[in-house]
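Peer 1: Have a look at this prediction, sequence included:
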Protein chains: 2
Amino acid sequence: MSQPIDFYFDFSSPYGYLASEKIDELAARFGRKVRWHPILLGVVFRQTGGAPLTSIPLKGEYSLHDFARSARFLDIPYEHPKHFPLSTQHAARAYYWLHDQDWQAARSFAHAVFRSLYTEGRDVSDSEVVLEIAARQSVDRAVLAEALAGQALKDRLKTECEAAIARGVFGSPYIVVDGEPFFGSDRLPQIERWLASGGF
Amino acid sequence: MSQPIDFYFDFSSPYGYLASEKIDELAARFGRKVRWHPILLGVVFRQTGGAPLTSIPLKGEYSLHDFARSARFLDIPYEHPKHFPLSTQHAARAYYWLHDQDWQAARSFAHAVFRSLYTEGRDVSDSEVVLEIAARQSVDRAVLAEALAGQALKDRLKTECEAAIARGVFGSPYIVVDGEPFFGSDRLPQIERWLASGGF
């Protein structure tokens, strides 16, 4: 029985979005499932000294250009959002809350968050927007709103971020296949060969 | 008449080495030539606040793993050198000196520097090693040794680095095709499509 693939990402990561549009289909071709793990890059960067790509001199400008071009290369719709970078803790917490009840609804929710941000320019840092997106998954808005305000879900996301860092996650997307780590949506071709060959 | 492709790299950059083994052949398939521009990432990083990949927490360990795996993926020999990161000003200066006399000898020299470092573990930061590699291109060792010690060649490399930064170069490899910039050896597939389609 082959292990699921682990997919770590921040909802605010354009390359995370690109990977999110490809990883399930790629895994399925090799009979694999994918476990999605939204995390907060801000928490990771406090450990690694990293910074949002777009804040880095020269590299920042290039990145804005490369996000859109890489999306075209992969045939994925992309429009760089006005609200960027943005905080994604509400979306990530809502994801884990939903996941504990229905993993498929959580997967649909995650796609909807990414697409709302990167194709409609919605400000998904706003908890009201997150609640609205979750409501499409037949979620009781008031129940989720209460959960989002509670300590348990905050602790849950903190634990998930710490577990990711302990595993070596330093950016988004970070994908682990049978213990082998791959960083970046540009590693999808390597992941494909790894899955096909069991390593190379 | 199509423009040459500009290929910026530091001899100490593993991903620069990987690109160096592919870029000429890729360009030639589309009737293009490549201008090689060795630069010093240390000079670039003083402007951008960048740092050598291997010095970054978590990302450093991953990078060591990814250099070797990406080389296998591209079917290029690779052994991570003991001397790393290392300074490459002698090699870069020797490149420009040679290039002013014979661009093909300079190209062969550049390949020999990269391969000496990444397949034989030679310490190419040592000017004696650079002179020995250059001597294979029928260079008069004493004449090159004198040029390497002179101010003119130091100024030349400084000017090349400044021109690269002015063009937006923030890392290695950085490849410009008809004004379109591509960063990283993992952008070779995008470059290929760009050359085939004149953009996408």
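Peer 2: In hand now; what should we look at? As the structure is a computational prediction, the values presented were derived from the model and not from experiment.
Peer 1: Let me know the pLDDT of the residue nearest to A:L58 when sequence neighbours are not counted.
Peer 2: Residue nearest to A:L58 in three dimensions, not counting chain neighbours: B:F170, with 3.8 Å by CB to CB, 6 or more residues apart in numbering or on different chains. C-beta: built from backbone N, CA, C; applies to glycine. Turning to B:F170, the model gives it a pLDDT of 95.
Peer 1: for B:F170, what are its contacts?
Peer 2: A:I56, A:P57, A:L58, A:K59, A:Y62, B:V44, B:T48, B:G50, B:F183 (CB atoms under 8 Å, 6 or more residues apart in numbering or on different chains).
Peer 1: Just give me the neighbour total for the third one.
Peer 2: If I follow you right, that is A:L58. A total of 21 residues lie near A:L58 under the criterion other CB atoms under 10 Å in any protein chain shown.
Peer 1: Check which residues of the least confident helix or strand in chain A by mean pLDDT are buried.
Peer 2: Lowest on mean pLDDT, DSSP states H and E among the helices and strands of chain A sits helix A:41-48, with a mean of 91. For helix A:41-48, the neighbour count (16 or more other CB atoms under 10 Å in any protein chain shown) marks A:L41, A:G42, A:V43, A:V44, A:T48 as buried.
Peer 1: any idea how far chain B is from the last one?
Peer 2: Taking CB to the nearest CB, to the nearest Å as the measure, A:T48 falls 5 Å from chain B.
Peer 1: cool, and the second one?
Peer 2: With distances defined as CB to the nearest CB, the gap from A:G42 to chain B amounts to 15 Å.
Peer 1: Surely that residue touches A:S87?
Peer 2: Yes. Counting by CB atoms under 8 Å, A:G42 does reach A:S87; the two are 7.3 Å apart.
Peer 1: Just send the buried residues of helix A:41-48 back as CSV, with distance to A:I23 too.
Peer 2: Converted to CSV, the buried residues of helix A:41-48 look like this (distance: CB to CB, whole Å):
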residue, distance to A:I23
A:L41, 18
A:G42, 23
A:V43, 22
A:V44, 19
A:T48, 23
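Peer 1: Quick check: of those, which lies closest to A:Y78?
Peer 2: The shortest approach to A:Y78 among the buried residues of helix A:41-48 belongs to A:L41, at 18.8 Å (CB to CB).
Peer 1: quick one: contacts for the closest one?
Peer 2: Counted by CB under 8 Å, 6+ apart, A:L41 has contacts A:D10, A:S12, A:S13, A:G50, A:P52, A:G171, A:S172.
Peer 1: Quick check: the gap between it and B:R93.
Peer 2: 40 Å (CB to CB, to the nearest Å).
Peer 1: so where is chain A shaky, pLDDT-wise?
Peer 2: A:1 (pLDDT under 70).
Peer 1: can you pull out the strands in it?
Peer 2: Applying DSSP state E to chain A gives strands spanning A:5-9, A:34-38, A:174-177, A:180-183.
Peer 1: coming back round to it: make TSV from the contacts of B:F170 and add distance to A:T159 to it.
Peer 2: Output for the contacts of B:F170, formatted as TSV (distance: CB to CB, whole Å):
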residue	distance to A:T159
A:I56	30
A:P57	35
A:L58	37
A:K59	32
A:Y62	35
B:V44	39
B:T48	35
B:G50	32
B:F183	35
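Peer 1: quick one: which two of these are the most distant?
Peer 2: Every pair of the contacts of B:F170 checked by CB to CB; the farthest is A:P57 and B:F183, at 13.8 Å.
Peer 1: Compare neighbour counts for those two and give me the winner.
Peer 2: B:F183 (22 against 12).
Peer 1: Check whether A:I76 really touches A:S20, as I assumed.
Peer 2: No. Using CB under 8 Å, A:I76 makes no contact with A:S20, being 9.4 Å away.
Peer 1: if we can go back for a sec, out of the strands of chain A, nearest to B:A164?
Peer 2: The nearest among the strands of chain A, by CB to CB, is strand A:180-183 at 25.6 Å.
Peer 1: Residues touching that closest one, excluding its own?
Peer 2: A:168, A:170-171, A:173-176, A:190-191, A:194, A:199, B:59, B:62, B:65-66.
Peer 1: Out of those, which comes closest to A:V130?
Peer 2: A:P173 (20.5 Å).
Peer 1: Tell me how many other residues surround the closest one.
Peer 2: Neighbours of A:P173 (other CB under 10 Å): 25.
Peer 1: any chance you could map the helices in chain A?
Peer 2: With DSSP state H as the criterion, chain A has helices at A:14-20, A:23-29, A:41-48, A:59-73, A:89-99, A:103-120, A:127-135, A:141-149, A:151-166, A:188-197.
Peer 1: Could you list the alpha-carbon positions for the least confident helix or strand of chain A in CSV?
Peer 2: Extracted C-alpha coordinates of helix A:41-48, given in CSV (Å, rounded to 0.1, in the frame of the first residue of the first chain):
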residue,chain,number,x,y,z
LEU,A,41,4.9,31.0,5.9
GLY,A,42,5.2,33.8,8.4
VAL,A,43,5.7,31.3,11.2
VAL,A,44,8.2,29.3,9.1
PHE,A,45,10.1,32.5,8.2
ARG,A,46,10.6,33.4,11.8
GLN,A,47,12.6,30.2,12.1
THR,A,48,14.5,30.4,8.8
